[in-house]
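In: Please work out how this folds:
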Amino acid sequence: MRKKFFGTDGIRGRVGDAPITAEFMLKLGWASGKVFSREGRGLILIGKDTRVSGYMFESALEAGLASAGVDVALLGPMPTPAIAYLTRTFNASAGIVISASHNDYHDNGVKFFSDAGAKLDDDVELAIERELDADMQMVASDQIGKVSRINDAAGRYIEFCKSCFPSQTNLRGMKIALDCAHGATYHIAPNVLRELGATVIELGTEPDGFNINAEGGSTKPALLQKLVLAEGADLGIALDGDGDRVIMVDSEGEIVDGDELLFIIANAEYRSKRLTGGVVGTQMSNFGLEEALGEKGIPFIRAAVGDRYVLAELAKRDWMFGGESSGHLLCLNVSTTGDGIISALQVLAAMLEFNSSLLELKAGMKKYPQHMINVACQGKFDPTRQDVITKAVAQTEKKLGGRGRVLLRPSGTEPVVRVMVEGEDAAIVATLTEDLARIVSAELG
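Out: Have a look, this model is predicted:
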């Protein structure tokens, strides 16, 4: 059975367009409740980010779950990784996140976590989709689920984040600029850093339901770069709307992306002789990451783009560290899923352990120029079936002279094809990307 609704990261789309409607969310709550309650009544947690439509979908999911006989606990606005953590600690049957991650407010979606705080297996998602095709039938009145609210959810998660930082040290004397993208970390991340001793300059901590990810956060760090320089901060931390991604800014205002952060974390583990196994990146990971790890004898492999594929490769090899250029990092030694706050704390811990600035730690990796253009695409895209595109890719690779990469990849979350070229010369890489993107765009119509 092929999945109709679930993508690489749950179900996502524009609010008001099927399936991101209140009616669908009611049915989704019922369908998921049926699946998760097969071994008993169970408890399901619901958390959300700060977009205005979250209130509507929270109510719809809550009603659907209760009608399936499942008890529900509401967490309110909380980062995605917090729902994963709290699902485990409350021994819940599952956790549900209402979020469209780094997208703007007019999009929304739903992600699920298992009782172990991990993304759902394909067979569970397929089971939910089968229930979605069935007629919705409510349980008897004496079996309707009850709904409660966990009022100390934020405090619990703040303490967990702090526990992932070395207990013998602190951030006193460090000035950090922090951008929460007006998203789910707005009341979490500043408190974590302050309680660890840092001086925090806040940005993006006043959500109004519509400004999530607007001109800020991990996908738009320009304001944070300016803030770091203006305040003379030691570094900047940019989180996305649901808190599972992080990008940092060094003291000179330069971006430190997910590949560089992954290198810093893995290299710190290597230098401290704590690293076991290797590192998992993706098809989009910079060649410089592979090269820098290789120089230290650290194994590196590439998975398909998407944290679930990185996680699958890590689990298969029993490795701890992996991630994406976007800043979605996995540190399985401390968390079960991508967590922007906890990933940032691992970098801060490395700075203190080796008495080095972020600028100095990232210098161990030479980043190759990489340019990407998104080309609009409706429907399925297979570059191997497009002769003109296949030929253009081969010509581009030839011009790189074996010192670069070309990647065409349909996005898992947006109706676009990502056209990426990587090589040694930034100007040549940009020109080749633009030329290839024009050809892809013309062929896709």
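In: so who does residue 11 touch?
Out: Contacts of residue 11 were listed using CB atoms under 8 Å, 6 or more residues apart in numbering, and they are 5, 19, 20, 28, 109, 110. C-beta: built from backbone N, CA, C; applies to glycine.
In: Dihedrals phi and psi, the second one?
Out: Put plainly, it is residue 19. Backbone torsions for residue 19, taken as degrees, to the nearest 10, come to phi -100, psi 10.
In: Spatially, what comes nearest to it if we skip its sequence neighbours?
Out: residue 5 (5.7 Å; CB to CB, 6 or more residues apart in numbering).
In: Tell me the confidence at the one you found?
Out: pLDDT, residue 5: 95.
In: residue contacts, it?
Out: 11, 19, 129, 132.
In: Of the residues you listed - the most surrounded one?
Out: When neighbours are taken as other CB atoms under 10 Å, the top entry among the contacts of residue 5 is residue 11 (23 neighbours).
In: Can you classify it as helix, strand or coil?
Out: Three-state call for residue 11 (DSSP: H, G, I helix; E, B strand; the rest coil): strand.
In: bridging residues for it?
Out: residue 110 (DSSP bridges).
In: if I look at it, how far off is residue 394?
Out: 37 Å (CB to CB, to the nearest Å).
In: Could I get the full set of strands for the stretch 251-400 of the chain?
Out: Counting by DSSP state E, counting those that start in this stretch, the stretch 251-400 of the chain has strands at residues 255-256, 279-282, 300-303, 321-323, 329-331, 370-376.
In: Same check on the stretch 51-200 of the chain?
Out: 71-77, 94-98, 107-113, 147-149, 175-179, 199-203.
In: could I have the third one exported to PDB, CA atoms only?
Out: Provided in PDB are the C-alpha atoms of strand 107-113 (Å, rounded to 0.1, in the frame of the first residue of the first chain):
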ATOM      1  CA  ASP A 107       1.100  26.200   6.300                       C
ATOM      2  CA  ASN A 108       0.600  23.600   9.000                       C
ATOM      3  CA  GLY A 109       0.900  19.900   9.500                       C
ATOM      4  CA  VAL A 110       1.000  17.000  11.900                       C
ATOM      5  CA  LYS A 111       4.000  14.800  13.000                       C
ATOM      6  CA  PHE A 112       3.800  11.800  15.200                       C
ATOM      7  CA  PHE A 113       6.200  10.200  17.700                       C
END
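In: That strand packs against which elements?
Out: Here strand 107-113 touches strand 11-14, helix 22-36, helix 53-67, helix 80-89, strand 94-98, going by 3 or more CB pairs under 8 Å, 6 or more residues apart in numbering; DSSP states H and E.
In: and of those, who's closest to residue 425?
Out: For residue 425, the closest of the helices and strands packed on strand 107-113 is strand 11-14, at 36.5 Å, according to CB to CB.
In: Helix, strand or coil: sort out the residue nearest to residue 19 for me.
Out: Following three-state DSSP, we place residue 5 in the coil state.
In: low-confidence ranges in this structure?
Out: Counting by pLDDT under 70, the chain shows low-confidence ranges at 1, 384, 412-413.
In: can you rerun that using 50?
Out: The model of the chain has no residue with pLDDT under 50.
In: biggest helix in it, by residue count?
Out: helix 426-444 (DSSP state H).
In: Report the buried residues of that one.
Out: Across helix 426-444, burial judged by 16 or more other CB atoms under 10 Å covers 428, 429, 430, 432, 433, 435, 436, 437, 439, 440.
In: packing partners for it?
Out: Checking 3+ CB pairs under 8 Å, 6+ apart, helix 426-444 ends up next to strand 370-376, helix 387-400, strand 416-422.
In: Among these, which comes closest to residue 181?
Out: Nearest of the helices and strands packed on helix 426-444 to residue 181, taken as CB to CB: strand 370-376 at 20.0 Å.
In: got the CA positions of the closest one in CSV?
Out: Provided in CSV are the C-alpha atoms of strand 370-376 (Å, rounded to 0.1, in the frame of the first residue of the first chain):
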residue,chain,number,x,y,z
GLN,A,370,27.7,25.0,-2.8
HIS,A,371,24.9,26.7,-4.7
MET,A,372,21.2,25.6,-4.8
ILE,A,373,18.2,26.8,-6.8
ASN,A,374,14.6,25.6,-6.2
VAL,A,375,12.7,25.0,-9.4
ALA,A,376,8.9,24.8,-9.3
